[in-house]
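Novice: need a structure here:
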Amino acid sequence: MTRKKAFALRINEEMLKAIEKWAADEFRSTNGQIEWMLMQSLKQAKRDPKKKDNK
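Specialist: Have a look, this model is predicted:
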């Protein structure tokens, strides 16, 4: 299981509202939506984290 690290994020109020609506439309939490968006951006830039084998 991947460990998660908490950190503060300052974000424009209008942007947060748009993300919250998108998250609700996708049945995700706001945090889950932001994580998904970040992963999509990382994959598009071919910088997504590689999973380690548990061997």
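
Novice: distance of residue 4 relative to residue 17?
Specialist: 24 Å (Cβ to Cβ, to the nearest Å). Where C-beta positions appear, they are placed from N, C-alpha and C, glycine not excepted.

Novice: more crowded one of the two?
Specialist: A count of neighbours by other Cβ atoms under 10 Å puts residue 17 above the other of residue 4 and residue 17, at 11 against 7.

Novice: quickly find the element holding that one.
Specialist: Using DSSP states H and E, residue 17 sits within helix 13-25.

Novice: what about that helix, average pLDDT?
Specialist: Model confidence over helix 13-25, given as mean pLDDT, is 98.

Novice: restricting to C-alpha, output that helix in PDB.
Specialist: Taking C-alpha atoms only, helix 13-25 is exported to PDB below (Å, rounded to 0.1, in the frame of the first residue of the first chain):
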ATOM      1  CA  GLU A  13     -11.700  29.800  -4.400                       C
ATOM      2  CA  GLU A  14     -13.300  29.600  -7.800                       C
ATOM      3  CA  MET A  15     -11.000  26.900  -8.900                       C
ATOM      4  CA  LEU A  16     -11.800  24.900  -5.700                       C
ATOM      5  CA  LYS A  17     -15.500  25.200  -6.400                       C
ATOM      6  CA  ALA A  18     -15.000  23.900  -9.900                       C
ATOM      7  CA  ILE A  19     -13.000  21.000  -8.600                       C
ATOM      8  CA  GLU A  20     -15.600  20.200  -5.900                       C
ATOM      9  CA  LYS A  21     -18.300  20.100  -8.600                       C
ATOM     10  CA  TRP A  22     -16.300  17.900 -10.900                       C
ATOM     11  CA  ALA A  23     -15.500  15.600  -7.900                       C
ATOM     12  CA  ALA A  24     -19.200  15.300  -7.100                       C
ATOM     13  CA  ASP A  25     -20.100  14.600 -10.700                       C
END
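
Novice: for residue 46, grab the count of nearby residues.
Specialist: When counting by other Cβ under 10 Å, one arrives at 6 neighbours for residue 46.
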